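[1] with the input below, show me the fold.
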Amino acid sequence: MRKILYLALSVAFACNSSQKATTPSKEAPSYDPVPYAKVITEQNLKDHLYTYASDEFEGRETGKPGQKKAVEYLKNHYVKLGIPAAQGNGDYFQEVPLEVSGMPDGSLSINDKKFEMGEDFVTFQSPVKTEYTAKEIIFAGYGIEDTGYSDYKDLDVEGKIIITIVSEPKNADGTYVISGTNSPSKWSDIKISMPDRLDAAMKKGAKGVLMLDRNNYEMIAQQFQFMKERAGDGRMQLKGEEEEDFFFAFINEKVATQISADLEKLDRGTAIPANFQLEFTGESEEVSSENVVAFIKGSEKPNEYLVISSHLDHIGITEDGQINNGADDDGSGSVALLEIAKAFKKAEEDGNAPRRSVVFLHVTGEEKGLLGSDYYTRHPIFPLENTVADLNIDMIGRIDPKREGDRNYVYLIGSDKLSTELHNLSEEVNKKYCNIELDYTYNDDNDPNRFYYRSDHYNFAKNNIPVIFYFNGTHDDYHRPGDTPDKINYDLLENRTRLIFYTAWEIANRENRPVVDKAVQE
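    Numbers count the residues shown, from 1 in each chain. Modelled structure (predicted):
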């Protein structure tokens, strides 16, 4: 009896396109999106996913043969639908130049005292230069550049080597300056904050950065040794461009003490005399990969763009030969994006093209560090200043074990981080069409999982583009061979995909773009 009641409630509150639509927004066109949402079906999603997350695609690891099969599958779908490539040359593939840095060797000398790589300092890059020298090192505090707080304020580090402490400032009462609470911000977590730390140093013109991470150095050094033992497997990254003459390294307490006996007592900006010499060698291997980008041109505002994104890659094959199919992560988002594109195309064919252009962006290298979306936002096909929002789909086909028995939900992350208007629009669309529970558990600034920083929307958010990240939460099969198509809840995948379509429809067709009222400090 309880099971029957549960199923009945699930049906009653599903994103059912057969329900009567309420009066459309005054800003939206009068035509009804419901018929186009009906294009998105469980069966279509299932048909796509049983191919896309099959063993044939070998886990879609970036740069591997399975990933190449995946991008061809996506491209062929857009060609079949008649949705053109976003690039003017008609190519659906935006080449993303990547490289895997071989694990380097080298040594560091400070004031004639030598330190060995892998013991007292480590780096995961293979820079072009093999030697860096300096007569002084600049203390740059925590190396943080954030809204309302900057260690680089009034600090000239152009062409300098800097040293920073991986931590963050606190107030006199023990609360953290950046979060304003007793909980640390992202800057205390090196895994999350490292890209932003390096970006900040590079943008300020630093030649190199030494990072003292007292809490994690031993773990980082162990990871270095592990990767070195695996025949030189290195870190995948965007192929160096203007940052080629830049290095970073983690150092232990012994190296830090050789530079200064007590860094914390130094004033930020202190120039520490030091006879510094870093020598290392290493090679890198180029990796071929690509984003897949299609679009439908807007009928009235063609030069404004809504991006809908998902990542096309997964983690590939384990050492023992097991395939990680990635049906949920992010096969579910990939096929959802295909169906959303089909719905917009059907509207266009009926003479109801979106007023704004809609970009369907499948990014590569998410599992390697958000690389495809990083490249797109550095080299956008369409101007970022004309990009009104990014709706990012990453895992929407399963149920978080915490939500068992209460399945009509989806986690929303980031909707209110930059634009209150986007958040309100999202809520209104859901109430109007779907009545899915929008769960903001992981939207909390103090969420220890830091999911806001862990998917491709974040590279758009860093550029002051409003975002919504749709997510079902993790489960026991996350990044495991058990993430297979048979475990997907296709009714939920349909409902969530339709919700995203309706939200995209409203953004693409309303008169004004969402207002950014919480801009990130540049």
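[2] quick one, what contacts the nearest residue to residue 215 once chain neighbours are set aside?
    In this structure, residue 215 finds its nearest non-sequential neighbour in residue 166, 7.5 Å apart by CB to CB, 6 or more residues apart in numbering. Bear in mind the C-beta positions are built from the backbone N, C-alpha and C, glycine included. Taking CB atoms under 8 Å, 6 or more residues apart in numbering, we find residue 166 in contact with 142-143, 188, 190, 193, 197, 211-216.
[3] of these - the most surrounded one?
    residue 143 (29 neighbours; other CB atoms under 10 Å).
[4] the stretch 51-200 of the chain: strands as residue ranges?
    Taking DSSP state E, counting those that start in this stretch, the strands of the stretch 51-200 of the chain run over residues 93-101, 105-110, 113-116, 121-122, 131-139, 145-146, 149-150, 161-165.
[5] mind pulling the model confidence for residue 103?
    Here the pLDDT value assigned to residue 103 is 78.
[6] my guess is it contacts residue 284. True?
    No - with contacts counted by CB atoms under 8 Å, residue 103 stays clear of residue 284, the gap being 10.5 Å.
[7] comparing these two, which residue is more hemmed in?
    residue 103 (26 against 21).
[8] and the residue lying closest to the more buried one once chain neighbours are set aside, backbone torsions?
    Closest residue to residue 103 apart from its sequence neighbours, by CB to CB, 6+ apart: residue 228 at 4.4 Å. The phi/psi pair for residue 228 (degrees, to the nearest 10) reads phi -70, psi -40.
[9] how many neighbours does residue 228 have?
    18.
[10] could you measure from residue 361 over to residue 514?
    18 Å (CB to CB, to the nearest Å).
[11] same question but for residue 228, I mixed them up
    In this view, residue 228 and residue 514 are 47 Å apart by CB to CB.
[12] quickly find the element holding residue 290.
    Element membership of residue 290, judged by DSSP states H and E, is strand 284-296.
[13] what's the angle from the next helix or strand after that strand to strand 284-296?
    Using DSSP H and E, the helix or strand that follows strand 284-296 towards the C-terminus is strand 301-311. Using axes from the mean of the first three to the mean of the last three CA atoms, to 10 degrees, the inter-axis angle of strand 301-311 relative to strand 284-296 is 130 degrees.
[14] sorry, back to before: let's test this: mean pLDDT of the strand holding residue 290, rounded?
    94.
[15] could you report the neighbour count for the residue lying closest to residue 326 once chain neighbours are set aside?
    Leaving aside its sequence neighbours, residue 326 sits nearest to residue 314 (CB to CB, 6+ apart; 3.0 Å). Residue 314 has 29 neighbours, counted by other CB under 10 Å.
[16] so residue 314 bridges to which residues?
    Beta bridges link residue 314 to residue 61, judged by DSSP bridges.
[17] how close does the residue nearest to residue 215 get to residue 476?
    32 Å.
[18] ok, back up a step: quick one: which of residue 361 and residue 514 has more around it?
    residue 361 (27 against 22).
[19] make sure that one is indeed in a strand.
    Yes - judged by DSSP: H, G, I helix; E, B strand; the rest coil, residue 361 forms part of a strand.
[20] correct me if wrong: residue 136 contacts residue 275.
    No - if you go by CB under 8 Å, residue 136 and residue 275 don't touch, sitting 9.4 Å apart.
[21] what angle do the strand holding residue 290 and strand 93-101 make?
    Put simply, strand 284-296 runs at 160 degrees to strand 93-101, going by the same axes, to 10 degrees.
[22] for the stretch 151-300 of the chain, give me the ranges with low pLDDT.
    Applying pLDDT under 70 to the stretch 151-300 of the chain flags residues 230-234, 240-244.
[23] got it, and the stretch 301-450 of the chain?
    If you take pLDDT under 70 as the line, the stretch 301-450 of the chain has no such spans.
[24] starting at the chain centroid, how far to stretch 248-258?
    Put simply, stretch 248-258 sits 30 Å off its chain's centre (CA atoms, centre = their mean, to the nearest Å).
[25] just stretch 443-453 next, same as before
    Relative to the mean C-alpha coordinate of its chain, stretch 443-453 is positioned 13 Å out (CA atoms, centre = their mean).
[26] try stretch 46-55
    23 Å.
[27] number the residues from 44 up from this point.
    OK, 44 is where the count begins now, so the last one is stretch 89-98.
[28] grab the CA positions of it and hand them over as PDB.
    The C-alpha coordinates for stretch 89-98 follow below in PDB (Å, rounded to 0.1, in the frame of the first residue of the first chain):
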ATOM      1  CA  LYS A  89      17.200   5.600 -22.900                       C
ATOM      2  CA  ASP A  90      18.000   4.800 -26.500                       C
ATOM      3  CA  HIS A  91      20.800   7.400 -26.600                       C
ATOM      4  CA  LEU A  92      22.300   6.400 -23.300                       C
ATOM      5  CA  TYR A  93      22.400   2.700 -23.900                       C
ATOM      6  CA  THR A  94      24.700   3.600 -26.800                       C
ATOM      7  CA  TYR A  95      26.600   6.500 -25.400                       C
ATOM      8  CA  ALA A  96      27.400   4.700 -22.100                       C
ATOM      9  CA  SER A  97      28.000   1.300 -23.700                       C
ATOM     10  CA  ASP A  98      31.300  -0.600 -23.500                       C
END
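[29] tell me the contacts of residue 200?
    Residues in contact with residue 200 (CB under 8 Å, 6+ apart) are 181, 183, 244, 247-249.
[30] next one: it relative to residue 296, how far apart?
    Residue 200 is 23 Å from residue 296, by CB to CB.
[31] am I right that residue 93 falls within a helix?
    Yes - counting by three-state DSSP, residue 93 is part of a helix.
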